[in-house]
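K.L.:
Let me see the structure of the following:
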Amino acid sequence: MDGGTGFPSGSDVLAHIFRRVQGNARRRLRLVCRHWRQVIDTRTATSLNSRAMTLVVTVERAYVFDDLSTERCSWEMTQWPGRFWDPTKVVGSCNGIICMCDTFGSILLHNPVNHEYLAVPSLPPRYRTGTPIWHQTYSFTHDQATGRYMVVHAPQSFGGQVMVFVLGEASWRDVAVPFPTHNFKDGFVTIDSTMYWAVEGKKGKKVIMSFELDGERAPSVVPLPSSTADDSWRLTEVLGRLAIVFRKEVWVMEQLRWSRWYSLRFWRPRNQPKWHDSQHLTRPHFALGSNRVLAWQWLPTGGGCALYQHAASNDTTKARRGTVDIGGSGQGTMVAKITTAYDTFQRFDYVQTMEQLRVYKCW
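P.N.:
Predicted structure coming up:
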């Protein structure tokens, strides 16, 4: 209230209005002025991660789980574009918008809530070369500082530049990037407006490069955690942060420093046949909140796979978020069974939104 007069202050009125605006739109309103930014940051909930669901994608269809403890999907995307004759892969999901890529490298954005689709303009002809791993050459991100959605394409040869498409613009643009060697299998991640990728450094060892897509800073090398000598790792994203998954641990970047979040221990049950598949962390996303992870395993009877939820222990001597036992006595809690006949399986964080895609089309 304003000065005890009984009338609402300007900040009260703004907060009431902003609470009625969708979270991803509120982030753009933060850019109007310092007062609006303060009201939004202190009087409204701007984070969509607090209500994130689980999106599971197979070749045949996609499933969304609001509550994994029920073992039932909240809803199923029956009109999923990916079919066995043209398997569409998901590149990423930001604020309820799903970015997909087909076998020809074409990008399609989709909002399942309002059933909207938006086809992104094709890449320039010189970049449209055939590759079986098109989806690994793209990343999809939302820059919270500017409110922009961006699709980033790193050509397979990575010849000193990447292509960036900003929703709301008419065409792709070139961004010069040094260090052309790129290991697709090890991850290509864009967080906000900074991209990260793996390159082969001295003596054949991999290092991580970072580059801000606005071009204001030169590319830099992100040092690996100093306490590990394991050269088998992949990049991913954990709760909006850059992360590295090693064989036995997960490190997360916090305030420009690496922090060991999880210690991983994989076990095979004694009575399990050797031919039976063990559990694996879901890709590309595996974190469920701050102390739980999601793993998957092919069903021994065939026809699909099962999802298992694992909680980290309270023992933080080895890792900040604890140790996670996967398999063996740490079988975990089965939270879902997914029917699929193919070995393509992806898991993403997902939120529902009514944001309209057509407002971004200007080509």
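
K.L.:
Tell me, how many residues neighbour residue 317?
P.N.:
Here the number of neighbours of residue 317 (other C-beta atoms under 10 Å) works out to 8. (Each C-beta comes from the backbone N, C-alpha and C, glycine too.)

K.L.:
That one belongs to a strand?
P.N.:
No - secondary structure assignment (DSSP: H, G, I helix; E, B strand; the rest coil) places residue 317 in coil, not in a strand.

K.L.:
if I look at it, how far off is residue 256?
P.N.:
Remark: distance between residue 317 and residue 256 (C-beta to C-beta, to the nearest Å) = 25 Å.

K.L.:
same check, this time on residue 344
P.N.:
From residue 344 over to residue 256 the distance is 35 Å, taken as C-beta to C-beta.

K.L.:
What mean pLDDT does whatever helix or strand residue 189 lives in get?
P.N.:
Assigned by DSSP states H and E, residue 189 belongs to strand 188-191. Averaging pLDDT along strand 188-191 yields 84.

K.L.:
after the lowest-mean-pLDDT helix or strand in the chain, next one along is what?
P.N.:
Sorting the helices and strands of the chain by mean pLDDT, DSSP states H and E puts helix 23-29 at the bottom, at a mean of 67. For helix 23-29, the following helix or strand on the C-terminal side (DSSP H and E) is helix 34-43.

K.L.:
Alpha carbons of that following helix, in PDB - could you do that?
P.N.:
Written as PDB, here are the backbone C-alpha positions of helix 34-43 (Å, rounded to 0.1, in the frame of the first residue of the first chain):
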ATOM      1  CA  ARG A  34      15.000  -0.800 -14.000                       C
ATOM      2  CA  HIS A  35      11.800  -0.400 -12.000                       C
ATOM      3  CA  TRP A  36       9.900  -3.000 -14.000                       C
ATOM      4  CA  ARG A  37      12.900  -5.400 -13.700                       C
ATOM      5  CA  GLN A  38      12.900  -4.900  -9.900                       C
ATOM      6  CA  VAL A  39       9.200  -5.600  -9.600                       C
ATOM      7  CA  ILE A  40       9.300  -8.700 -11.800                       C
ATOM      8  CA  ASP A  41      12.300 -10.100 -10.000                       C
ATOM      9  CA  THR A  42      11.000  -9.500  -6.500                       C
ATOM     10  CA  ARG A  43       7.200  -9.700  -6.800                       C
END
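
K.L.:
Leaving out sequence neighbours, find the closest residue to residue 151.
P.N.:
Once flanking residues are discounted, residue 151 sits nearest to residue 165: 4.5 Å by C-beta to C-beta, 6 or more residues apart in numbering.

K.L.:
Low-confidence stretches in the stretch 101-250 of the chain?
P.N.:
128-132, 156-160, 178-185, 201-202, 204, 215-219, 227-230 (pLDDT under 70).

K.L.:
just the strands in it please.
P.N.:
Assigned by DSSP state E, counting those that start in this stretch, the strands in the stretch 101-250 of the chain fall at 107-111, 116-119, 138-143, 148-153, 161-166, 173-176, 188-191, 194-200, 206-212, 220-222, 234-238, 241-245, 249-254.

K.L.:
Turn the ones you listed into a markdown table, including mean neighbour count.
P.N.:
A markdown table is the format used below for those (neighbours: other C-beta atoms under 10 Å):
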| stretch | mean neighbour count |
| --- | --- |
| strand 107-111 | 20 |
| strand 116-119 | 15 |
| strand 138-143 | 23 |
| strand 148-153 | 21 |
| strand 161-166 | 20 |
| strand 173-176 | 12 |
| strand 188-191 | 22 |
| strand 194-200 | 20 |
| strand 206-212 | 18 |
| strand 220-222 | 13 |
| strand 234-238 | 20 |
| strand 241-245 | 22 |
| strand 249-254 | 20 |
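
K.L.:
could those go into TSV alongside distance to residue 322?
P.N.:
What follows is the strands of the stretch 101-250 of the chain, written out as TSV (distance: least, C-beta to C-beta, whole Å):
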stretch	distance to residue 322
strand 107-111	36
strand 116-119	41
strand 138-143	29
strand 148-153	33
strand 161-166	37
strand 173-176	39
strand 188-191	24
strand 194-200	26
strand 206-212	25
strand 220-222	25
strand 234-238	14
strand 241-245	16
strand 249-254	11
